[in-house]
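In: Sequence and computational prediction follow.
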Amino acid sequence: MRVGILISGFGSNMMKLIESCENKDSKASIELVFSNNPDAEGLKYAKSKGIKIVSIDHNSYENRIEFDNQVNKVLLDHDIEFICNAGFMRIHSDDFVNKWFNKHLNVHPSLLPSFKGLNTHKKAIEAGVKFAGCTVHMVRSGVDEGPIIGQAVTSVNQSDNEKLLAAKVLELEHRLYPVCLHLFAEDLIKVNLDKINYKEEAIKKLEDFKI
Ligand code: GAR
(Lines give C-alpha, C1' and ligand atoms only; values in the text may rest on other atoms or scores of the structure.)
Protein backbone atom coordinates (compact mmCIF):
# COMPACT_ATOMS: atom_id res chain seq x y z
CA MET A 1 0.00 0.00 0.00
CA ARG A 2 1.57 3.27 -1.14
CA VAL A 3 1.19 5.75 1.72
CA GLY A 4 1.53 9.54 1.77
CA ILE A 5 1.97 11.38 5.06
CA LEU A 6 0.77 14.96 5.54
CA ILE A 7 2.63 17.05 8.14
CA SER A 8 2.85 20.67 9.23
CA GLY A 9 5.56 20.60 11.87
CA PHE A 10 7.98 18.44 13.77
CA GLY A 11 6.71 15.14 12.45
CA SER A 12 7.44 12.77 15.33
CA ASN A 13 4.39 10.67 14.40
CA MET A 14 5.60 10.67 10.80
CA MET A 15 8.96 9.33 12.00
CA LYS A 16 7.27 6.46 13.82
CA LEU A 17 5.15 5.64 10.76
CA ILE A 18 8.26 5.64 8.57
CA GLU A 19 10.16 3.43 11.04
CA SER A 20 7.27 0.98 11.19
CA CYS A 21 7.42 0.54 7.41
CA GLU A 22 11.14 -0.20 7.34
CA ASN A 23 10.59 -3.84 8.23
CA LYS A 24 10.88 -5.96 5.08
CA ASP A 25 7.53 -7.60 5.83
CA SER A 26 5.71 -4.28 5.90
CA LYS A 27 2.77 -4.12 3.51
CA ALA A 28 2.78 -0.32 3.77
CA SER A 29 5.41 1.81 2.15
CA ILE A 30 5.82 5.53 2.81
CA GLU A 31 6.26 7.01 -0.65
CA LEU A 32 5.69 10.69 0.00
CA VAL A 33 5.77 13.24 2.82
CA PHE A 34 3.84 16.39 2.04
CA SER A 35 3.79 19.60 4.05
CA ASN A 36 1.82 22.83 3.78
CA ASN A 37 4.71 24.42 5.69
CA PRO A 38 7.96 24.56 3.70
CA ASP A 39 9.90 24.94 6.99
CA ALA A 40 8.39 21.86 8.64
CA GLU A 41 11.14 20.16 10.59
CA GLY A 42 9.85 16.71 9.64
CA LEU A 43 10.69 17.24 5.96
CA LYS A 44 14.41 16.99 6.75
CA TYR A 45 14.00 13.62 8.42
CA ALA A 46 11.90 12.24 5.57
CA LYS A 47 14.48 13.45 3.05
CA SER A 48 17.29 11.84 5.06
CA LYS A 49 15.38 8.57 4.73
CA GLY A 50 15.28 8.94 0.96
CA ILE A 51 11.54 9.58 0.90
CA LYS A 52 10.14 11.98 -1.67
CA ILE A 53 9.14 15.27 -0.03
CA VAL A 54 6.88 17.99 -1.42
CA SER A 55 5.91 21.22 0.30
CA ILE A 56 3.39 23.73 -0.93
CA ASP A 57 2.61 26.78 1.17
CA HIS A 58 -1.16 27.04 1.54
CA ASN A 59 -0.78 30.84 1.72
CA SER A 60 0.01 30.94 -1.97
CA TYR A 61 -3.48 29.69 -2.82
CA GLU A 62 -6.64 31.78 -3.06
CA ASN A 63 -8.76 29.36 -1.13
CA ARG A 64 -8.91 25.96 0.55
CA ILE A 65 -10.39 24.19 -2.47
CA GLU A 66 -7.61 25.30 -4.82
CA PHE A 67 -4.94 24.30 -2.31
CA ASP A 68 -6.57 20.92 -1.71
CA ASN A 69 -6.83 20.30 -5.47
CA GLN A 70 -3.10 20.82 -5.69
CA VAL A 71 -2.44 18.49 -2.73
CA ASN A 72 -4.64 15.88 -4.38
CA LYS A 73 -2.72 16.23 -7.64
CA VAL A 74 0.60 15.71 -5.83
CA LEU A 75 -0.77 12.59 -4.13
CA LEU A 76 -2.07 11.16 -7.41
CA ASP A 77 1.18 12.05 -9.23
CA HIS A 78 2.95 9.80 -6.71
CA ASP A 79 0.39 7.00 -7.02
CA ILE A 80 -0.53 7.34 -3.36
CA GLU A 81 -3.27 4.95 -2.26
CA PHE A 82 -3.69 5.88 1.41
CA ILE A 83 -2.92 9.00 3.45
CA CYS A 84 -2.03 9.64 7.08
CA ASN A 85 -2.31 13.06 8.64
CA ALA A 86 0.44 13.38 11.24
CA GLY A 87 0.19 16.78 12.85
CA PHE A 88 -1.24 18.27 9.64
CA MET A 89 -2.83 21.45 10.92
CA ARG A 90 -5.08 22.32 7.96
CA ILE A 91 -8.78 21.61 7.61
CA HIS A 92 -9.60 19.73 4.41
CA SER A 93 -12.35 20.75 1.99
CA ASP A 94 -15.32 18.37 1.72
CA ASP A 95 -14.27 17.51 -1.81
CA PHE A 96 -10.83 16.38 -0.65
CA VAL A 97 -12.36 14.36 2.21
CA ASN A 98 -14.71 12.62 -0.25
CA LYS A 99 -11.89 11.81 -2.66
CA TRP A 100 -9.98 10.01 0.11
CA PHE A 101 -13.00 8.53 1.86
CA ASN A 102 -11.91 5.53 3.99
CA LYS A 103 -8.35 5.90 2.76
CA HIS A 104 -7.37 8.67 5.12
CA LEU A 105 -6.36 8.54 8.80
CA ASN A 106 -5.71 11.22 11.40
CA VAL A 107 -4.22 11.10 14.87
CA HIS A 108 -5.56 13.45 17.52
CA PRO A 109 -4.14 13.92 21.04
CA SER A 110 -7.36 13.36 22.96
CA LEU A 111 -9.90 10.67 23.62
CA LEU A 112 -12.36 11.75 20.94
CA PRO A 113 -15.10 12.87 20.87
CA SER A 114 -13.77 14.96 23.77
CA PHE A 115 -11.54 17.97 23.16
CA LYS A 116 -11.54 18.37 19.40
CA GLY A 117 -9.48 21.12 17.77
CA LEU A 118 -6.57 23.00 19.30
CA ASN A 119 -5.25 23.27 22.89
CA THR A 120 -6.39 19.75 23.64
CA HIS A 121 -4.30 19.22 26.75
CA LYS A 122 -5.22 22.58 28.25
CA LYS A 123 -8.89 21.71 27.74
CA ALA A 124 -8.40 18.26 29.31
CA ILE A 125 -6.64 19.68 32.40
CA GLU A 126 -9.21 22.44 32.80
CA ALA A 127 -12.02 19.89 32.56
CA GLY A 128 -10.38 17.90 35.34
CA VAL A 129 -10.53 14.61 33.47
CA LYS A 130 -8.76 11.72 35.15
CA PHE A 131 -7.93 9.92 31.91
CA ALA A 132 -6.54 11.28 28.67
CA GLY A 133 -5.11 9.72 25.55
CA CYS A 134 -5.06 9.74 21.80
CA THR A 135 -7.31 8.64 18.97
CA VAL A 136 -6.63 7.38 15.47
CA HIS A 137 -9.68 7.87 13.28
CA MET A 138 -10.82 7.97 9.67
CA VAL A 139 -11.03 11.48 8.33
CA ARG A 140 -14.52 12.87 7.70
CA SER A 141 -15.74 16.42 7.07
CA GLY A 142 -15.90 17.76 10.64
CA VAL A 143 -12.69 18.69 12.45
CA ASP A 144 -11.32 15.64 14.33
CA GLU A 145 -14.43 13.66 13.42
CA GLY A 146 -14.76 10.24 11.89
CA PRO A 147 -15.00 6.58 12.83
CA ILE A 148 -12.56 5.67 15.59
CA ILE A 149 -10.03 2.99 14.69
CA GLY A 150 -8.04 2.90 17.92
CA GLN A 151 -7.53 4.73 21.18
CA ALA A 152 -4.86 4.61 23.88
CA VAL A 153 -5.30 5.86 27.42
CA THR A 154 -3.15 7.29 30.20
CA SER A 155 -4.13 8.67 33.58
CA VAL A 156 -4.01 12.35 34.38
CA ASN A 157 -2.28 13.01 37.67
CA GLN A 158 -2.58 15.97 39.99
CA SER A 159 0.99 16.99 39.10
CA ASP A 160 0.41 16.90 35.32
CA ASN A 161 0.56 20.17 33.46
CA GLU A 162 -0.10 20.68 29.75
CA LYS A 163 3.49 19.89 28.81
CA LEU A 164 3.73 16.70 30.85
CA LEU A 165 0.38 15.46 29.61
CA ALA A 166 1.29 16.26 25.99
CA ALA A 167 4.49 14.21 26.34
CA LYS A 168 2.64 11.22 27.83
CA VAL A 169 -0.02 11.32 25.12
CA LEU A 170 2.52 11.75 22.32
CA GLU A 171 4.25 8.58 23.44
CA LEU A 172 0.94 6.76 23.09
CA GLU A 173 0.39 8.26 19.64
CA HIS A 174 3.78 6.93 18.57
CA ARG A 175 2.73 3.38 19.54
CA LEU A 176 -0.87 3.45 18.37
CA TYR A 177 -0.62 5.14 14.97
CA PRO A 178 1.68 2.60 13.28
CA VAL A 179 -0.48 -0.29 14.52
CA CYS A 180 -3.58 1.33 13.04
CA LEU A 181 -1.90 2.06 9.71
CA HIS A 182 -0.77 -1.54 9.33
CA LEU A 183 -4.30 -2.83 9.99
CA PHE A 184 -5.25 -1.20 6.69
CA ALA A 185 -2.14 -2.30 4.83
CA GLU A 186 -2.69 -5.90 5.95
CA ASP A 187 -6.39 -5.77 5.14
CA LEU A 188 -7.37 -6.63 8.72
CA ILE A 189 -10.04 -3.96 8.97
CA LYS A 190 -13.00 -2.83 6.86
CA VAL A 191 -14.75 0.48 7.27
CA ASN A 192 -18.15 1.14 5.76
CA LEU A 193 -19.84 4.42 6.58
CA ASP A 194 -19.39 4.45 10.31
CA LYS A 195 -19.26 0.77 11.02
CA ILE A 196 -15.86 -0.84 11.53
CA ASN A 197 -15.22 -4.52 11.10
CA TYR A 198 -12.09 -5.82 12.79
CA LYS A 199 -10.73 -9.23 11.85
CA GLU A 200 -9.63 -11.41 14.78
CA GLU A 201 -5.98 -10.55 14.13
CA ALA A 202 -6.74 -6.82 14.19
CA ILE A 203 -8.35 -7.18 17.61
CA LYS A 204 -5.22 -8.98 18.83
CA LYS A 205 -2.97 -6.22 17.53
CA LEU A 206 -4.99 -3.62 19.40
CA GLU A 207 -5.02 -5.66 22.60
CA ASP A 208 -1.95 -3.84 23.98
CA PHE A 209 -4.00 -0.69 24.29
CA LYS A 210 -6.78 -2.26 26.34
CA ILE A 211 -7.11 -1.19 29.97
C1 GAR B 1 0.42 15.39 17.63
O2 GAR B 1 0.18 15.41 19.02
C3 GAR B 1 -0.88 15.20 16.88
O4 GAR B 1 -1.79 14.37 17.53
C5 GAR B 1 -1.42 16.61 16.84
O6 GAR B 1 -0.29 17.39 16.57
C7 GAR B 1 0.87 16.77 17.13
C8 GAR B 1 1.91 16.67 16.04
O9 GAR B 1 3.13 16.19 16.55
N10 GAR B 1 -2.44 16.73 15.84
C11 GAR B 1 -3.55 17.42 16.02
O12 GAR B 1 -3.79 18.09 17.01
C13 GAR B 1 -4.54 17.34 14.87
N14 GAR B 1 -5.85 17.68 15.30
P15 GAR B 1 4.21 15.59 15.56
O16 GAR B 1 4.38 16.63 14.43
O17 GAR B 1 5.45 15.49 16.40
O18 GAR B 1 3.72 14.29 15.04
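Out: Perfect, thanks for sending it. The structure presented is a predicted model; accordingly, all values stated were derived computationally and were not measured.
In: For this protein, what lies in contact range of the ligand?
Out: Contact residues, the chain versus the ligand (CB under 6 Å from any ligand atom): 7, 9-13, 86-87, 107-109, 144, 170, 173. Glycine gets a C-beta too; all of them are placed from N, C-alpha and C.
In: which of those residues count as buried?
Out: Using 16 or more other CB atoms under 10 Å as the burial test, the residues of the chain next to the ligand include 7, 9, 11-13, 86-87, 107-109, 144, 170, 173 as buried.
In: residues contacting the closest residue to the ligand within the chain?
Out: Closest to the ligand within the chain is Gly87: 2.6 Å, counting by CB to the nearest ligand atom. Residues near Gly87 by CB atoms under 8 Å, 6 or more residues apart in numbering: 7-14, 42, 107.
In: just Lys16 next, same as before
Out: Per CB under 8 Å, 6+ apart, neighbours of Lys16: 173-175, 177-178.
In: what helix or strand does it sit in?
Out: Following DSSP states H and E, one finds Lys16 within helix 12-20.
In: which SS class is Leu164?
Out: helix (DSSP: H, G, I helix; E, B strand; the rest coil).
In: For it, which residues are in contact?
Out: Applying CB under 8 Å, 6+ apart, no residues qualify as near Leu164.
In: before we move on, what about the one 10 residues further on?
Out: Taking CB under 8 Å, 6+ apart as the criterion, His174 is in contact with 12-13, 16.
In: With Glu66 instead?
Out: Not one residue lies near Glu66 by CB under 8 Å, 6+ apart.
In: try Trp100
Out: Applying CB under 8 Å, 6+ apart, the residues near Trp100 are 83, 139.
In: Just the residues of the chain next to the ligand: which are in strands?
Out: By the criterion of DSSP state E, membership of the residues of the chain next to the ligand in strands covers 7, 107-108.
In: ok so, going back, redo the contacts of Lys16 as CSV? Include pLDDT.
Out: Converted to CSV, the contacts of Lys16 look like this (pLDDT from 0 to 100):
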residue, pLDDT
Glu173, 98
His174, 98
Arg175, 98
Tyr177, 98
Pro178, 98
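In: Work out the gap between stretch 98-106 and the centre of the chain.
Out: In terms of CA atoms, centre = their mean, to the nearest Å, the centre of stretch 98-106 is found 11 Å from the chain centre.
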